[in-house]
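Peer 1: model the following, please.
(one chain, ligands or ions: 1)
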Amino acid sequence: MTAKIIDGKKIAEGIKEKLKFQIEGLTIKPCLAVILVGNNPASNVYVNMKEIECTKLGIILKKYCLKENLLEEKLLNLIKALNNDVHVHGILVQLPLPSHIDEFNIIEAIEPKKDVDGFHAINMGCLFIGTPKFEPCTPKAIIEMINSTNITIEGKHAVIVGRSKIVGNPVAQLLLQHNTTVTICHSKTHDLKEYTKQADILVVAVGIPHLIKEDMIKEGAIVIDVGVNRIEDITYKKGYYLCGDVDFEKVINKASYISPVPGGVGPVTIAMLMSNTLKAYHLIENGKAI
Ligand code: NAD
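Peer 2: Residues are numbered from 1 along each chain as shown. From the prediction side, this is the model:
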């Protein structure tokens, strides 16, 4: 069996096309404020990608690039100002933050209605009690990608490898709400293979290149590879290449569907950010509470 590729770029284009059409019909345009602290190269790339996509869709992006040694209090003041700015609909603080800044304090300072990443405790709480308002972008993207296969997932066994706040944990909740049976594995799980081999749907969000080998996969599984790993290699033009957590070349022979890296979860995650920004716009402009 050779798996079909879940083409993240194509899925993202479809979502963005619909969003663009909706945004074209608005007289006031949605505005997303993005805060970047310090000079993390990966964060710079992610923010630039978000800026390009916002521009294409007609979303105004206000970018705040702040120095690495910024005081936490200054960042809190900026968030407060953006919370009160009626022209700003969404606020995103690019993570990770420098170690002297408390990430939790910063996320909690964002007005939940403008929390397009969905990381605020109120939004996480809503997600966990089954009434999500802003679903975090990557978990939301993963569900969209699984749904793109048109395979009924109700009653299937989903195994998630990774239990982070931003990917593993919330995607497990979303999959539960889609009536799958969910197993979460993590760094302390004994005999990972015993679990992954049982997965009808396998979501891997760890950050270890090629952690998941062919013999860890059930025949015909849907495999979503969230991991993004940068491998230094001077034979590549950029001096490195990107790969996921799944041994794609081998696993493709056993799975029914598989998402590639790059070109898989990443582009759909950005499309979901645009979708959440439009949702925030409607909440703010129509004065609705969360
Ligand atoms: P994280 O470091 O916060 O969490 C990693 C998780 O993996 C932890 O829960 C840990 O318990 C688990 N883990 C570590 N070693 C393990 C092992 N040997 N076996 C099983 N589980 C193990 O990471 P994260 O923020 O969830 O990101 C995970 C990966 O996904 C990273 O490569 C990141 O770059 C990528 N990512 C991609 C996107 C995207 O849009 N494409 C978005 C977010 C994260």
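Peer 1: CA atoms for contacts and neighbours, from now on please.
Peer 2: Fine.
Peer 1: what's the burial count for residue 114?
Peer 2: Neighbourhood size, residue 114 [other CA atoms under 10 Å]: 27.
Peer 1: residue contacts, it?
Peer 2: Contacts of residue 114 were listed using CA atoms under 8 Å, 6 or more residues apart in numbering, and they are 83, 89, 90, 91, 280, 284.
Peer 1: quick one: which of those residues has the most company?
Peer 2: Result: residue 90 is most packed of the contacts of residue 114 (other CA under 10 Å), 30 neighbours.
Peer 1: so that residue is in contact with residue 35, correct?
Peer 2: No. In this structure, residue 90 is not within contact of residue 35 by CA atoms under 8 Å, at 11.1 Å.
Peer 1: rewinding a little: ok, so of the contacts of residue 114, who is nearest the ligand?
Peer 2: residue 91 (17.6 Å; CA to the nearest ligand atom).
Peer 1: list the contacts for the closest one?
Peer 2: 32, 33, 34, 35, 79, 82, 83, 110, 114, 115, 116.
Peer 1: ok, the top helix by length along the chain near the ligand or not?
Peer 2: Of all segments of type helix in the chain, defined using DSSP state H, the longest is helix 265-285. Yes. Helix 265-285 is in contact with the ligand by CA under 6 Å from any ligand atom, via 265, 266, 269.
Peer 1: and that helix, what other elements does it pack with?
Peer 2: Contact here means 3 or more CA pairs under 8 Å, 6 or more residues apart in numbering; DSSP states H and E; on that basis helix 265-285 packs against helix 8-24, strand 31-37, helix 41-57, strand 90-93, helix 137-147.
Peer 1: CSV for those, including mean pLDDT and distance to the ligand?
Peer 2: Converted to CSV, those look like this (pLDDT from 0 to 100; distance: least, CA to the nearest ligand atom, whole Å):
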stretch, mean pLDDT, distance to the ligand
helix 8-24, 98, 10
strand 31-37, 98, 16
helix 41-57, 95, 9
strand 90-93, 98, 14
helix 137-147, 98, 5
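Peer 1: now, of those, which is deepest in the fold?
Peer 2: strand 90-93 (a mean of 26; mean count of other CA atoms under 10 Å).
Peer 1: buried sites along the longest helix of the chain?
Peer 2: 265-281, 283-284 (16 or more other CA atoms under 10 Å).
Peer 1: with just CA atoms, put that helix into PDB.
Peer 2: Once non-C-alpha atoms are left out, helix 265-285 reads as follows in PDB (Å, rounded to 0.1, in the frame of the first residue of the first chain):
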ATOM      1  CA  VAL A 265       0.400  20.800   9.200                       C
ATOM      2  CA  GLY A 266       2.400  24.100   8.900                       C
ATOM      3  CA  PRO A 267       0.400  25.800   6.100                       C
ATOM      4  CA  VAL A 268      -2.900  24.700   7.500                       C
ATOM      5  CA  THR A 269      -2.000  26.100  11.000                       C
ATOM      6  CA  ILE A 270      -1.400  29.500   9.400                       C
ATOM      7  CA  ALA A 271      -4.800  29.300   7.600                       C
ATOM      8  CA  MET A 272      -6.400  28.500  11.000                       C
ATOM      9  CA  LEU A 273      -4.800  31.600  12.500                       C
ATOM     10  CA  MET A 274      -6.500  33.600   9.700                       C
ATOM     11  CA  SER A 275      -9.800  31.900  10.400                       C
ATOM     12  CA  ASN A 276      -9.500  32.600  14.200                       C
ATOM     13  CA  THR A 277      -8.600  36.300  13.400                       C
ATOM     14  CA  LEU A 278     -11.800  36.600  11.400                       C
ATOM     15  CA  LYS A 279     -13.700  35.000  14.300                       C
ATOM     16  CA  ALA A 280     -12.200  37.500  16.700                       C
ATOM     17  CA  TYR A 281     -13.200  40.300  14.300                       C
ATOM     18  CA  HIS A 282     -16.800  39.200  14.500                       C
ATOM     19  CA  LEU A 283     -16.700  38.900  18.300                       C
ATOM     20  CA  ILE A 284     -15.300  42.400  18.700                       C
ATOM     21  CA  GLU A 285     -17.200  44.200  16.000                       C
END
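Peer 1: what lies in contact with that helix?
Peer 2: 8-9, 11-13, 15-16, 19, 23, 30-32, 50, 53-54, 86, 89-90, 113-117, 134-135, 137-138, 140-142, 145, 224-226, 259, 289-290.
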